[in-house]
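> pasting the structure only:
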C-alpha cells in the first residue's frame, strides 16, 4: 500500500505522467542505455570502478525508461521507476535496486570497499538485465502496450 501511495503522490506532483507512446523516444533511451553500458565497460578497463558502477546502473535505468516510453509512461523518479518495473510489468527488480544502491554509495560516500570483481559482476548482471528487457520489449505487441497503459491508468489515476 505504501508503494501505491508513493506512486500516486508522484502522479499528483506530475513526476509520473501518461504521455504519447513513442517508439522514437524509446529508441533514444535504448541508445542511452547502450552508451552507458559501453562506458561502464571502458571505465572498468581503466580501473575507474566507482564510475563504472554508476554507468552500469544508468544502463539499466535507461533501458527501463525505454520500455516506459514505448508504453507511454514518463517517470522522473528512480525509485518509482524500479517499483513500477515490478508492479506493472512483473519484471524482477532486485538487480536494478541493488545497482541503484551501489551507485548512490559509490557516488556520494567514501566509506566503502569496491573491487574489480564486484564491478565485473555488476557488468555481467547489467548485461543480463538489458537482455531480459530486450526480450520482453521484443515480444510486446500493440494489444499488450494498451493493456499495460490501461493497467497503469486504472491503478494510479
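Good, I have the coordinates. Treat the numbers as computed from the prediction; the structure is a model and nothing was measured.

> which parts of stretch 130-143 are buried?
130, 133 (16 or more other CB atoms under 10 Å). C-beta here means a position set from N, CA and C on the backbone, and glycine is covered the same way.

> Mind listing residues that contact stretch 78-93?
Contact with stretch 78-93 is made by 3, 6-7, 10, 15-16, 61, 64-65, 67-68, 73, 75, 96-97, 100, 132-133, 136, 148, 151-152, 155, as judged by CB atoms under 8 Å, 6 or more residues apart in numbering.

> Residue 2: how many residues sit nearby?
Residue 2 has 6 neighbours, counted by other CB atoms under 10 Å.

> and what of residue 9?
13.

> Over to residue 46?
10.

> List the contacts of residue 19.
Contacts of residue 19 by CB under 8 Å, 6+ apart are 69, 72-74.

> 7 Å instead, please
The contact partners of residue 19, taken as CB atoms under 7 Å, 6 or more residues apart in numbering, are 72, 74.

> Distance-wise, check it relative to residue 72.
6 Å (CB to CB, to the nearest Å).
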